[in-house]
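K.L.:
Attaching a predicted model along with its sequence, questions to come.
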Amino acid sequence: MIDTFLEQLGAGLRISRARRERIINEARDHLEVSVEALRRNGLDDDAAVAEAVRRFGAPQELARQFNAQAGTAAMRSRPRVGALAGLLVGVSFILGARASSHARLSDHAHLLVVIGFQVGIVSAQVALVAGLRLAARVLDRHDSTLASMADRQLVTTSSRLLAGSLSLSAVGLAVALGLVELQSSSTRTSALLAMGGIALGLLVAGTGMVRSCAPDRATAGPEETTGRPMSARGVFGLAERGVELIAAFPAVFVPLAAVAGGLAAMSHAETTVLGAVPWGVGEAVATVVGFAVLGPLLGLRRTDPVS
């Protein structure tokens, strides 16, 4: 009966093999000690085993709790991985921009380099939003013993979007730098450092993507299906309060973000004011489209009517 219980417990665990084995061994030891104590109290072997298993709890519920603990621990570690990958890609952007600014390029190559950088910049902006979103939720729930299923799913979605966007950003930058180097007569140190940063950023982002794609299959318990999880107060909850304001008043914040992004894109365009307008418009449109598409995934836009 103990073996059957442990098999059911192990089948419900969605955690690493090492941790699963440790939990199973600890559960077996606990059950054996409990059975021995019950035997000394006068129960026969079968009754002692049955009572020990009953006291230990249902295997499905125990597995759910262990999965939730593992999911909570993983949720809290993801902002660090995203920050490291973002830092590497961000430094690579600075070095890449420095390398490309002194390169003599043909008109065709210059256009491709600009497109590569734009893809990288837009993707980096998506990664930044996703990273800030998951950091806001993690900080808001920093003192919770177990994160709810909704919290873990939101952080997992944000982590996947962060890792994928950073990877696309690094690829766009790599293409732009590759074109710069093909047009250059000598290889610059800044370009080599940027390439190294891109490689490390892709490695970290890829690792984060693989880890975030591991499904959190812990079924929601009663405490997760009723009410809203307790939010942090003070500094730790400020970011989440900001998210709630954006979700409540998107007609105010989205146009502001679109205008700010468009003006920033125009100010960095190496052309005339009139020639910079398409870049500004493109950035503004990308902001609005990004909010419409990604807002519901990140909890930035409500999809159901507010009653």
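P.N.:
Thanks, I have it. Residues are numbered from 1 along each chain as shown.
K.L.:
May I ask which helix or strand encompasses the residue nearest to the spatial centre of the chain?
P.N.:
For the chain, the residue whose C-alpha lies nearest the mean C-alpha position (C-alpha atoms, centre = their mean) is Ser159; its distance is 1.3 Å. Here Ser159 sits within helix 149-183, counting by DSSP states H and E.
K.L.:
The residue nearest to the centre of the chain contacts Ala135, correct?
P.N.:
No. Using C-beta atoms under 8 Å, Ser159 makes no contact with Ala135, being 10.7 Å away. The C-beta positions use only the backbone N, C-alpha and C, and glycine is treated the same way.
K.L.:
quick one: common contacting residues for the two?
P.N.:
Residues touching both Ser159 and Ala135 (C-beta atoms under 8 Å, 6 or more residues apart in numbering) are Gly82.
K.L.:
related to what we said a few turns ago, relative to Val129, how far out is the residue nearest to the centre of the chain?
P.N.:
13 Å (C-beta to C-beta, to the nearest Å).
K.L.:
Val288 too?
P.N.:
13 Å.
K.L.:
more neighbours, those two?
P.N.:
Neighbour comparison, Val288 and Val129: the larger count goes to Val129, with 22 against 14 (by other C-beta atoms under 10 Å).
K.L.:
Next up, the contacts around that one.
P.N.:
Val129 sits next to 290, 294, 298, 300 when contact means C-beta under 8 Å, 6+ apart.
K.L.:
one step back: buried set for the helix holding Ser159?
P.N.:
Under the neighbour-count criterion of 16 or more other C-beta atoms under 10 Å, helix 149-183 has 149, 151-152, 154-177, 179-181 buried.
K.L.:
low-scoring stretches of the stretch 1-150 of the chain, by residue?
P.N.:
Flagging of the stretch 1-150 of the chain using pLDDT under 70 yields the residue ranges 93, 95-107.
K.L.:
the helices in it, which residues?
P.N.:
2-12, 17-40, 45-56, 59-101, 107-140, 149-183 (DSSP state H, counting those that start in this stretch).
K.L.:
ok, now the stretch 151-300 of the chain?
P.N.:
When assigned using DSSP H, counting those that start in this stretch, the helices of the stretch 151-300 of the chain occupy the ranges 189-212, 222-225, 238-248, 250-268, 273-298.
K.L.:
ranking those helices by mean pLDDT, which is last?
P.N.:
Here the helices of the stretch 151-300 of the chain differ in mean pLDDT, and the lowest is helix 222-225 at a mean of 42.
K.L.:
so how many other residues sit close to Arg20?
P.N.:
Here the number of neighbours of Arg20 (other C-beta under 10 Å) works out to 17.
K.L.:
Could you check what's spatially nearest to it, not counting adjacent residues?
P.N.:
Using C-beta to C-beta, 6 or more residues apart in numbering and skipping residues adjacent in sequence, the residue nearest Arg20 is Leu13, 4.8 Å away.
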